[in-house]
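> could you work out the structure for the sequence below:
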Amino acid sequence: MVILTAMVLIAIWVGSRGGPKANTVNASETTRSTKASASAGTPAAPATCLGTPSSYAPGVPPNSDCHNIYAADGPNQLSTTVVNDPPRVYVPNLQSNSVTVIDQATNKVIQTIPVGKQPQHVVPSYDLKTLWVNNDKGNSLTPIDPQTGAVGAPVAVDDPYNLYFTPDGTRAVVMAEALKRMDFRDPHTMALLHTVQVPCSGLNHMDFSPDGRTAVAACEFDGQLLLIDMTNGQEKVLQQLKVGGMPQDVKLSPDGTVYYVADMQVNGVHVIDATSFRELEVIKTGKGAHGLYPSRDGTKLYVSNRGEGSISVIDFSKRKVAATWVLNGGKGSPDMGGVSADGKILWLSGRYDNEMYAIDTATGKLITSPIKVGREPHGACVWPQPGRYSIGHTGVMR
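Presented below is the predicted three-dimensional model:
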């Protein structure tokens, strides 16, 4: 009865919206150029032009640019749904059981929100109207209205390590890591629809094909990737690929030909052919490669190297590292976050330094001293972000 009541309250609340020890990191950084080998050679030109609308899964919005899956994510291309949302950064603090809210205009902390146990990520909903805090060990999701800042009643959800939404908007996908399953839920109330057991350990991050029919997911504890059929009502694991290491974040290339998969043990990024589902190469970036974020113009991929305090910048067209930004001699721990709406700032949590970094994407330098937050900040959400809809995580927009 309690769970049902919470779901009803959340449905009403959402519907009310319109259409270890901390180290000090200062603003002293160095930028160094570096090269990465590319055994696969020059990337091939896309053959399918991201598919055609007729090939998309029912309900998946067609892309306006057949050569760039992130065409709707350009600088300041804000949906009317979010254009009046105040610019904030929402930082889940894993060990503080809280979310720190930072004003992007002043780079100051303006609020601390108590949430459930071990919040992992803050995830924008498909319709861009709600930010869901993933309280992993608290077995709940806490909704935040990004327009008003109102915090809703938590919804009971098993093991929500991470959260995604199918590109047709019909299902939320909870990555129940400890339970080794994907839970498909109503995208508004989070009522359980059905469950898919996965043959791997450490299910964590995912991204979708351009047509929305399949997805590639990472399993960090046994070095596997999964190719998953995401057809509504027919969801199942199609293939498994052993890449070794400890795979983390997953991002599709703008042209839809390959998936990039960060790996904390390989210290780089796996490049996976999106058609054949085989590994093409590994691009070495830095120790503890973890988060992946496309630039607003769709030409670069920012890779956070959590184990060495650096960010690698991969040129999408060449599949090579063009530059590496080093934070204070590598003493920081850049983890997860996102790019500002105008594309000028890369926000990343400092996982083991209890702080947030705001990095100038033109120079690779901190624009301000690191901002102190709670203990072990993880999947921070920069909001608002450009895009028509969200497929989850800390803001994978299309």
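> I'd like the next helix or strand past the lowest-mean-pLDDT helix or strand in the chain.
The helix or strand of the chain with the poorest confidence is strand 29-32; it has a mean of 36 (mean pLDDT, DSSP states H and E). For strand 29-32, the following helix or strand on the C-terminal side (DSSP states H and E) is strand 88-93.
> between whichever helix or strand comes after that next one and strand 88-93, how big is the angle?
Heading C-terminal from strand 88-93, the first helix or strand you meet, by DSSP H and E, is strand 98-103. Interaxial angle of strand 98-103 relative to strand 88-93 (axes from the mean of the first three to the mean of the last three CA atoms, to 10 degrees): 160 degrees.
> can you dump the C-alpha atoms of strand 98-103 in PDB for me?
Once non-C-alpha atoms are left out, strand 98-103 reads as follows in PDB (Å, rounded to 0.1, in the frame of the first residue of the first chain):
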ATOM      1  CA  SER A  98      22.700  13.900  -0.300                       C
ATOM      2  CA  VAL A  99      22.600  16.000  -3.500                       C
ATOM      3  CA  THR A 100      24.600  19.200  -3.600                       C
ATOM      4  CA  VAL A 101      23.100  21.900  -5.900                       C
ATOM      5  CA  ILE A 102      25.500  24.400  -7.600                       C
ATOM      6  CA  ASP A 103      24.400  27.600  -9.300                       C
END
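> mind listing what's buried along it?
With burial defined by 16 or more other CB atoms under 10 Å, the residues of strand 98-103 counted as buried are 98, 99, 100, 101, 102. C-beta here means a position set from N, CA and C on the backbone, and glycine is covered the same way.
> check what pLDDT the last one gets.
Per-residue confidence for residue 102 comes out at a pLDDT of 98.
> switch to numbering from 131
I'll keep to 131 as the first residue from here, and by that count the last item is residue 232.
> do I have it right that it meets residue 242?
No: using CB atoms under 8 Å, residue 232 makes no contact with residue 242, being 10.6 Å away.
> picking up where we left off before, tabulate the buried residues of strand 228-233 (JSON lines), appending distance to residue 454.
Formatted as JSON lines, the buried residues of strand 228-233 follow (distance: CB to CB, whole Å):
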{"residue": "228", "distance to residue 454": "32"}
{"residue": "229", "distance to residue 454": "30"}
{"residue": "230", "distance to residue 454": "28"}
{"residue": "231", "distance to residue 454": "30"}
{"residue": "232", "distance to residue 454": "26"}
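> mind listing what's buried in the helix or strand harbouring residue 488?
For residue 488, the host element (DSSP H and E) is strand 485-490. In terms of neighbour count (16+ other CB under 10 Å), strand 485-490 has its buried residues at 485, 486, 487, 488, 489.
> possible to save the residues you listed as CSV with pLDDT?
Listed next are the buried residues of strand 485-490 as CSV, based on pLDDT from 0 to 100:
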residue, pLDDT
485, 97
486, 98
487, 97
488, 98
489, 98
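> could you export stretch 258-265 as PDB, CA atoms only?
Extracted C-alpha coordinates of stretch 258-265, given in PDB (Å, rounded to 0.1, in the frame of the first residue of the first chain):
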ATOM      1  CA  LEU A 258      12.900  16.400 -19.500                       C
ATOM      2  CA  LYS A 259      10.600  17.400 -16.700                       C
ATOM      3  CA  THR A 260      12.100  15.400 -13.800                       C
ATOM      4  CA  LEU A 261      15.600  14.700 -12.400                       C
ATOM      5  CA  TRP A 262      15.700  11.300 -10.800                       C
ATOM      6  CA  VAL A 263      18.200  10.700  -8.000                       C
ATOM      7  CA  ASN A 264      19.300   7.000  -8.000                       C
ATOM      8  CA  ASN A 265      19.500   5.900  -4.400                       C
END
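> in this structure, which spans are helices?
132-145 (DSSP state H).
> so where is it shaky, pLDDT-wise?
131-178, 181-183 (pLDDT under 70).
> please name the nearest non-neighbouring residue to residue 522.
residue 294 (3.4 Å; CB to CB, 6 or more residues apart in numbering).
> with residue 332 instead?
Nearest to residue 332 is residue 351, by CB to CB, 6+ apart, at 3.2 Å.
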